[in-house]
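# Kindly return the folded structure for what I paste below:
(one chain, ligands or ions: 1)
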Amino acid sequence: MLHYLMSSPEIYLAFLCFLAISWYLKNKNQVLMHWPVIDVLPSLLQNAHRVHEWTVEIANTFGCTKFERGPVFGRVDILFTSDPRNVEYMVRTNFTNFPKGPDYIKTFDLLGDGLFNVDSELWHIQRRMAHMMFASSTFRKVQVDVSRSMVEGSLLPLLSQVARNSSIVDLEDVFLRYTFDTTFAVIFGRNPKYLDISFPPNKFAEAMDDGLEAIFYRHVVPRSWWKFSRWLMIGKERKLEKAWRTIDRHIDKFISWKREDMLKGVEGTDLLSTYMTLQEEREDRGNERNDLLSSGDKFLRDTVLTFFFAGRDTTGSALSWFFWLIAKNPRVEAKLYEELNSTFSKNSTEATNARVFDSDDLKGLVYLHAGLCEALRLYPPLPLNRKGVIKEDILPDGTVVKPGMMIVISTFVMARMEWLWGKDCLEFKPERWIDEHGRLSNAPKYKFFTFSQGPRTCLGRDMAFTFMKSAVAAMIFNFHVEVLENQNICPKPSIVLHMKNGLLVKIKERVHYNDQKKE
Ligand code: HEM
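Below is the predicted model of the structure:
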């Protein structure tokens, strides 16, 4: 038989094809297929469009920790884990052994040497500086004032207009515009008015989106491939280059504006002004240490871009998923409305006649806080986190990790594990976050990594809650959001958990509001 096959190459080839096709058909429904040489690359490419759902399937099939090797030509050992014990160990207990690593900064090179990217001493210095700012009462007040004025001056008027026209609007687009304006205002001290009923274009926002998209693709294709594309300047890398130039041009302009303001003696309380003032003070003191503050506009560029990247898309994505969950759970919406109604202190605005909540009111809204935490659990805006390894170590589940390995943590998977969150893990239940005394419960915190934990925990968590709460409270109190039926709502394959197709809704003004107007 073998002799016969060898003497007829066509038959031999056909036989090989038959074997390969049968093998493929037999294995094609497997969650992960291992091919010779290219290993799991075809599975990754095949599932890239639904990467978050795929990671859940992997965890359901193989358990919440799985080791894989990349293709031969882009060899990298990857460990996927969603075991909270491992995550806690890496982000807190033995934090110093799990830095972001040099590969991270190369992949996210657009962000330069900003806080998000760097490790060791460079990270310590920046973290201390940024922490001081985020903890200051002045900066907290800026956040409260900015969110209130954006909700009152832009968000509610826009939604009233949409309601009056009975138009259909993509709520995710609205929220990304809202968080663009709020984040921009706290960082640069100006309102760019991206959230407007005319839905204006914005080159800076578009460049940020393109940059994010290219960075995501760097996670899907082998490292050698995206580096080769970069060298040739083709595909997503070309798009990234263009976005990079646009971003730099804009940030240069924002820094110049600020410098002009400072020369005119205009004092700002935004982040950029604060960093620039620190730089000036350093120069005035004649401090010769070659530290970050003396590294000029490059430091300012990397810092403000990092804050912008960290704050805008994450918070916008969280709001979109929250409203989708509310639409699917009218019981929760009713309870939220009840809580808002009993809290509202009479402070309606002249401009819109709509009602916004002040920061003291927002602090006491337990059910609202619980609802947001629950949405952030189910749809973590940063669903994947990456770590490197310095020294060989053993994770709490017994997995050995070695230098050079890439560890990928999925908080999206974590929310979907029955053994961790119970049989109802897929349900949207704000009650999970409230104890028997009606107070916010501490119990779920040890398994909640949406903002990460430990020394590198999110710096903007409170800011995100401020922006989200002001928007959600005013929206639910004044409007009912009706999500259009038959939409395919699913996560977009991206670094940030956006919706793939947006969220189309109609807006209805609440009846109670009209009733009170008549009084
Ligand atoms: C719902 C909204 C947000 C979520 C879910 C979120 C989540 C996270 C996560 C998971 C990390 C850790 C990332 C890592 O270790 O690689 C992080 C870090 C960070 N976040 Fe947030 N974030 C949000 C909003 C914000 C906002 C509004 C800001 C402020 C502008 C901000 C600033 C930062 C910064 C500066 C870091 C880096 C901290 C460090 O490396 O030391 N975040 N965030």
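
# Could I get the buried residue list for the helix or strand encompassing residue 475?
Here residue 475 sits within helix 461-478, counting by DSSP states H and E. Within helix 461-478, the residues that count as buried by 16 or more other Cβ atoms under 10 Å are 463-478. Bear in mind the C-beta positions are built from the backbone N, C-alpha and C, glycine included.

# How about stretch 399-412?
399, 401, 405-412.

# got a list of what the residue nearest to residue 357 when sequence neighbours are not counted touches?
Once flanking residues are discounted, residue 357 sits nearest to residue 473: 4.5 Å by Cβ to Cβ, 6 or more residues apart in numbering. Taking Cβ atoms under 8 Å, 6 or more residues apart in numbering, we find residue 473 in contact with 340, 356-357, 361-362, 365, 368.

# ok, now with 10 Å
Counting by Cβ atoms under 10 Å, 6 or more residues apart in numbering, residue 473 touches 151, 336, 339-340, 343-344, 355-358, 361-362, 365, 368.

# Save the residues you listed as JSON lines, and put in pLDDT and secondary structure too.
Below are these laid out as JSON lines (pLDDT from 0 to 100; DSSP: H, G, I helix; E, B strand; the rest coil):
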{"residue": "151", "pLDDT": "97", "secondary structure": "helix"}
{"residue": "336", "pLDDT": "97", "secondary structure": "helix"}
{"residue": "339", "pLDDT": "94", "secondary structure": "helix"}
{"residue": "340", "pLDDT": "93", "secondary structure": "helix"}
{"residue": "343", "pLDDT": "85", "secondary structure": "helix"}
{"residue": "344", "pLDDT": "76", "secondary structure": "coil"}
{"residue": "355", "pLDDT": "80", "secondary structure": "strand"}
{"residue": "356", "pLDDT": "88", "secondary structure": "coil"}
{"residue": "357", "pLDDT": "90", "secondary structure": "coil"}
{"residue": "358", "pLDDT": "88", "secondary structure": "coil"}
{"residue": "361", "pLDDT": "87", "secondary structure": "helix"}
{"residue": "362", "pLDDT": "91", "secondary structure": "helix"}
{"residue": "365", "pLDDT": "95", "secondary structure": "coil"}
{"residue": "368", "pLDDT": "98", "secondary structure": "helix"}
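
# Of those residues, keep whichever come out buried.
151, 336, 339-340, 343, 355-357, 361-362, 365, 368.

# Same list (those) but as CSV, adding distance to residue 377.
Formatted as CSV, the buried ones among the contacts of residue 473 follow (distance: Cβ to Cβ, whole Å):
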residue, distance to residue 377
151, 25
336, 17
339, 19
340, 22
343, 24
355, 29
356, 27
357, 24
361, 24
362, 20
365, 18
368, 15
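
# Which residue does the chain have closest to the ligand?
Using Cβ to the nearest ligand atom, the closest approach of the chain to the ligand is made by residue 460 at 2.0 Å.

# Does that residue touch residue 318 like I think?
No. With contact defined as Cβ atoms under 10 Å, residue 460 does not count as touching residue 318 (11.8 Å).

# more crowded one of the two?
Between residue 460 and residue 318, residue 318 has the larger neighbour count (other Cβ atoms under 10 Å), namely 25 against 20.

# pretty sure the more buried one is in contact with residue 381, am I right?
Yes. Counting by Cβ under 10 Å, residue 318 sits close enough to residue 381 to count as a contact (5.2 Å).

# list residues touching both of the two?
375, 450, 464, 496-497.

# Need the residues touching each of residue 460 and residue 318.
residue 467.

# Identify the residues contacting residue 250.
So residue 250 contacts 188, 202-205, 207-208, 305 (Cβ under 10 Å, 6+ apart).

# Of the residues you listed, which count as buried by neighbour count?
188, 202, 204-205, 207-208, 305.

# CSV for those residues, including pLDDT and secondary structure?
CSV is the format used below for those (pLDDT from 0 to 100; three-state DSSP):
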residue, pLDDT, secondary structure
188, 96, helix
202, 96, coil
204, 96, helix
205, 96, helix
207, 97, helix
208, 95, helix
305, 97, helix
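
# Out of the residues you listed, which comes closest to residue 55?
Of all the buried ones among the contacts of residue 250, residue 55 sits closest to residue 208, with 24.8 Å by Cβ to Cβ.

# Surely that closest one and residue 308 touch.
Yes. Assessed by Cβ under 10 Å, residue 208 is found in contact with residue 308 at 7.2 Å.

# Could you name every residue contacting both of the two?
In contact with both residue 208 and residue 308: 180, 247, using Cβ under 10 Å, 6+ apart.

# okay, now residue 48: neighbour count?
Applying other Cβ under 10 Å, we find 15 residues neighbouring residue 48.

# quick one: contacts for it?
With Cβ under 10 Å, 6+ apart, residue 48 has these contacts: 54, 216-217, 219-221, 493.

# one step back: now the contacts of residue 473 as CSV including distance to the ligand?
Below are the contacts of residue 473 laid out as CSV (distance: Cβ to the nearest ligand atom, whole Å):
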residue, distance to the ligand
151, 16
336, 18
339, 21
340, 21
343, 23
344, 25
355, 24
356, 20
357, 19
358, 20
361, 21
362, 16
365, 17
368, 14
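
# for those, which one is nearest residue 192?
Distances from residue 192 to these, taken by Cβ to Cβ, are shortest for residue 151, at 16.0 Å.

# Identify the residues contacting the closest one.
Residue 151 neighbours (Cβ under 10 Å, 6+ apart): 157, 159, 178, 182, 349, 352, 354, 356-357, 467, 469-475.

# switch the cut-off to 7 Å
356, 470-471, 474 (Cβ atoms under 7 Å, 6 or more residues apart in numbering).

# now, the most widely separated pair of those?
Checking the contacts of residue 151 with Cβ to Cβ, the most distant pair is 356 and 471, at 9.7 Å.

# starting at the chain centroid, how far to stretch 55-67?
22 Å (Cα atoms, centre = their mean, to the nearest Å).

# repeat for stretch 448-456
Here stretch 448-456 is found 13 Å from its chain centre; the criterion is Cα atoms, centre = their mean.

# now the contacts of residue 48 as JSON lines including pLDDT, secondary structure and distance to residue 272?
What follows is the contacts of residue 48, written out as JSON lines (pLDDT from 0 to 100; DSSP: H, G, I helix; E, B strand; the rest coil; distance: Cβ to Cβ, whole Å):
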{"residue": "54", "pLDDT": "86", "secondary structure": "helix", "distance to residue 272": "40"}
{"residue": "216", "pLDDT": "91", "secondary structure": "helix", "distance to residue 272": "27"}
{"residue": "217", "pLDDT": "90", "secondary structure": "helix", "distance to residue 272": "30"}
{"residue": "219", "pLDDT": "86", "secondary structure": "helix", "distance to residue 272": "30"}
{"residue": "220", "pLDDT": "81", "secondary structure": "helix", "distance to residue 272": "34"}
{"residue": "221", "pLDDT": "83", "secondary structure": "coil", "distance to residue 272": "35"}
{"residue": "493", "pLDDT": "87", "secondary structure": "coil", "distance to residue 272": "32"}
